[in-house]
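*Asks:* what follows is a predicted protein model with its sequence.
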Amino acid sequence: MNPKVSMGLRILFGLFCLVFGLNKFLDFMPFPPLPEVAQNLMEIYAESGFMKIIGVIEILGGLALLTNKFVPLALTFLVAIMFNAVLFHALHDMANIGGAIVGMILGLLLVFVNKDRFSELFST
């Protein structure tokens, strides 16, 4: 892939994760209304501190992508978070799945771009 395109994807996904991570602390983008079961689950996540941990990982991962440091490690954590976000929305809040899908696609594209750096993970 063109190095400028891969750098653009890395910066875009880094900003995406940084913004959503910061939102877990600063609440500048309110969550849309959720169905009752999804709302109950989000309340459990918030009260347990789980969402703060996810926010910290998103912030650190986003900064790693923006500075081009520890990219494979950041992608490992961030793609896992995006996968869980897609699952959450697919099972509990399909109407708001768009952002999670965008994040997942960006993350998977970056894994593909950096596939040589992940080769050890996929070797037998």
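*Replies:* Yep, that arrived. Treat the numbers as computed from the prediction; the structure is a model and nothing was measured.

*Asks:* from now on I want contacts and neighbour counts done on CA atoms only, so please keep to that.
*Replies:* Noted.

*Asks:* mind naming the longest helix for the protein?
*Replies:* helix 3-26 (DSSP state H).

*Asks:* and whichever helix or strand comes after it, average pLDDT?
*Replies:* Using DSSP states H and E, the helix or strand that follows helix 3-26 in sequence is helix 36-48. Helix 36-48 shows a mean pLDDT of 95.

*Asks:* so which bits of helix 36-48 are buried?
*Replies:* By neighbour count with 16 or more other CA atoms under 10 Å, helix 36-48 contains the buried residues 38, 42.

*Asks:* after that helix, next one along is what?
*Replies:* Assigned by DSSP H and E, the successor of helix 36-48 is helix 50-67.

*Asks:* what does the following helix or strand past that following helix rub up against?
*Replies:* For helix 50-67, the succeeding helix or strand toward the C-terminus, using DSSP H and E, is helix 71-92. Residues outside helix 71-92 that contact it (CA atoms under 8 Å, 6 or more residues apart in numbering): 17, 35, 37-38, 54, 57-58, 60-62, 64-65, 95-97, 100-101, 103-104, 107-108, 110-111, 114, 117-118.
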